[in-house]
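Asks: what shape does this take:
(one chain, ligands or ions: 1)
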Amino acid sequence: MIDLRSDTLTRPDEAMRQVISSAEVGDDVYGEDPTTNLLQEKIAAYFGKEAALFVPSGTMSNQLCLKVLTSPGDEIIADADAHIFYYETAAPAIISNVQIKTISSQFGFPDLNQIENAIRPNIYYFPKTSVICLENTHNRHGGTIAPIEYIQKLHDLADSYNIKLHLDGARIWNAIVETGIDGATYAKYFDTISVCLSKGLGAPIGSLILSNAEYIEKARHWRKILGGGMRQVGILAAAGIYAFENNFKRLKTDHENARLFASLISANEQINVDMSRIQTNIVRFELSSSVNPLDFIDKCKKKWLIAKPFRWTNYSGCLLFRNYFRTSTHRRRYYPIRASISIKLSGNITSCEPIISAGPDNIIFSICSPLRTTSTQTGILEVGITSVMLFAILFF
Ligand SMILES: Cc1ncc(COP(=O)(O)O)c(C=O)c1O
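Replies: Model (predicted):
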């Protein structure tokens, strides 16, 4: 099966399962889980930060960072499509009692003048702007990489207003392998960073907060309040260490495959791909408005591609390549075949059962293609690409 929905759909391979089963563990609420401590030390050292904290999810990680950086009633600035704003179920309002000032952008990195204009003057009847959030790579913008020069300027801007900078680095790994800029260089500009092990790196669970020791201690306190204190969590940390040490470098292959895939589907005149956006593991594309989306979904199903609604603001397509691990008794193969396709269609659809966003010119479907090669595990990527190509050719 090729499931193209998300880079979170990875499953641990045999080697990862081995390290999970043999992990040395202790009670992490007591700070006594050696494997978790090791993971935290390793990742903190890699990013050149004083300390790290292992947490269950990227959402909790982001939210704990906001919690330690803000006071109730503050305002934070984020891109309008930032995960923190778009997908975290208003958690900043609930957990930190802050509001978000969003700024729309073309690639996920709002114009610095607009950010500066959004910073509140220090007057009692305004909320205090306390944090600016950056997402790198940017999920909803299609895996775009924030240029390092932009980050430097953003940092200087934030600093000049005494505002903290938070990085949602769920996919910072992808930016690192693509640009060759190391983790510490990215990290030095941020007060807090959230990184995920459970996206392209392929670990089943886990994110880390990186910061100074003081903020990490505060985050540990709030992690407990939110029920995120875990006990023998070394079994998960072991998977994280494995993912960091073995799978990080493999992201490059995902990017190559994403580019290949994008260039292949762009040959179809009904598909429009902006190649300038194909920077990491996500491919976005637009379907021609003449394509009936219901037919499209139908054909997808017949060709083993399952479509489901997905809301998308500016673009009609999104496809994520991610590491995917399968095992066999003979050998272990790594297949960067996971992707999600979201298709934004402008057309005459007014009803479609599982539609989330039913605006006639803003209907998004995400598609997964469950193709499975059982006989052979080689060439599965090629099978994946061929199948989607085939699907596109047959459909149109
Ligand atoms: C950019 C970004 N940040 C944060 C998260 C949240 O991660 P989690 O699903 O582990 O809560 C995601 C999830 O996809 C994401 O894409």
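Asks: where does the stretch 1-150 of the chain have low pLDDT?
Replies: Scanning the stretch 1-150 of the chain with the threshold set as pLDDT under 70 gives 1-5.
Asks: so which residues of it form helices?
Replies: For the stretch 1-150 of the chain, the helices defined by DSSP state H, counting those that start in this stretch cover 14-21, 34-47, 58-69, 83-86, 91, 112-118, 148-160.
Asks: distance check, the closest residue to the ligand within the chain against residue 219.
Replies: Residue nearest to the ligand within the chain: residue 58 (2.4 Å; C-beta to the nearest ligand atom). Glycine gets a C-beta too; all of them are placed from N, C-alpha and C. Distance, residue 58 to residue 219, by C-beta to C-beta, to the nearest Å: 14 Å.
Asks: ok, the residue of the chain closest to the ligand touching residue 196?
Replies: Yes. Residue 58 lies in contact with residue 196 (C-beta atoms under 8 Å); the separation is 4.4 Å.
Asks: got any residues that touch both of these two?
Replies: Common neighbours of residue 58 and residue 196 (criterion: C-beta atoms under 8 Å, 6 or more residues apart in numbering): 170, 207.
Asks: follow-up on the earlier one: show the contacting residues for the residue of the chain closest to the ligand.
Replies: Residue 58 touches 83, 168, 170, 194, 196, 198, 199, 207, counting by C-beta under 8 Å, 6+ apart.
Asks: for the nearest residue to the third one once chain neighbours are set aside, name its beta-bridge partners.
Replies: In other words, residue 170. The shortest distance from residue 170 to any non-neighbouring residue, by C-beta to C-beta, 6 or more residues apart in numbering, is to residue 196 (4.1 Å). Residue 196 has these beta-bridge partners by DSSP bridges: residue 207.
Asks: right, and residue 196 touches residue 205 too?
Replies: No. Using C-beta under 8 Å, residue 196 is not in contact with residue 205; the gap is 9.8 Å.
Asks: for this structure, what lies in contact range of the ligand?
Replies: Residues of the chain found near the ligand (C-beta under 6 Å from any ligand atom) are 8, 57-59, 62, 83, 135, 139, 168, 170, 196, 198, 207.
Asks: hmm, try it at 5 Å
Replies: 57, 58, 59, 83, 139, 168, 170 (C-beta under 5 Å from any ligand atom).
Asks: would you confirm that the last one contacts residue 207?
Replies: Yes. Using C-beta under 8 Å, residue 170 and residue 207 qualify as a contacting pair, with a distance of 7.4 Å.
Asks: overlap in contacts of the two?
Replies: Contacts common to residue 170 and residue 207, judged by C-beta under 8 Å, 6+ apart, are 58, 194, 195, 196.
Asks: of those, select the buried ones using a ChimeraX command.
Replies: Buried members of the shared contacts of residue 170 and residue 207, defined by 16 or more other C-beta atoms under 10 Å, are picked up in ChimeraX with:
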select :58,194,195,196
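Asks: distance to residue 23 added to the shared contacts of residue 170 and residue 207, as TSV?
Replies: Output for the shared contacts of residue 170 and residue 207, formatted as TSV (distance: C-beta to C-beta, whole Å):
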residue	distance to residue 23
58	22
194	23
195	20
196	20
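Asks: which pair in the shared contacts of residue 170 and residue 207 has the greatest spatial separation?
Replies: Greatest spatial distance among the shared contacts of residue 170 and residue 207 (C-beta to C-beta): 58 and 195, at 8.2 Å.
Asks: next, show the common contact partners of those two.
Replies: 170, 207.
Asks: let me see the contact set for the residue of the chain most remote from its centre.
Replies: Within the chain, residue 124 marks the point farthest from the mean C-alpha position, 36.7 Å out by C-alpha atoms, centre = their mean. Contact partners of residue 124, counting by C-beta under 8 Å, 6+ apart, are absent.
Asks: residue 226 contacts residue 57, correct?
Replies: No. Between residue 226 and residue 57 there is no contact under C-beta under 8 Å: 10.5 Å.
Asks: tell me the SS of residue 167?
Replies: Assigned with DSSP: H, G, I helix; E, B strand; the rest coil, residue 167 falls in the strand class.
Asks: burial of it, as a residue count?
Replies: If you count neighbours by other C-beta atoms under 10 Å, residue 167 ends up with 25.
Asks: so in terms of bridging, what pairs with it?
Replies: Beta-bridge partners, per DSSP bridges, of residue 167: residue 134, residue 193.
Asks: relative to residue 160, how far out is it?
Replies: Distance from residue 167 to residue 160, by C-beta to C-beta: 19 Å.
Asks: can you check residue 127 too?
Replies: 19 Å.
Asks: higher neighbour count, these two?
Replies: residue 127 (15 against 10).
Asks: any figure for the gap between that one and residue 100?
Replies: 11 Å.
Asks: find the residues that touch each one of the two.
Replies: In contact with both residue 127 and residue 100: residue 75, using C-beta under 8 Å, 6+ apart.
Asks: about what we covered before: ok, residue 170 and residue 207, which is more surrounded?
Replies: It is residue 170, of residue 170 and residue 207, that has more neighbours when counted by other C-beta under 10 Å, with 28 against 25.
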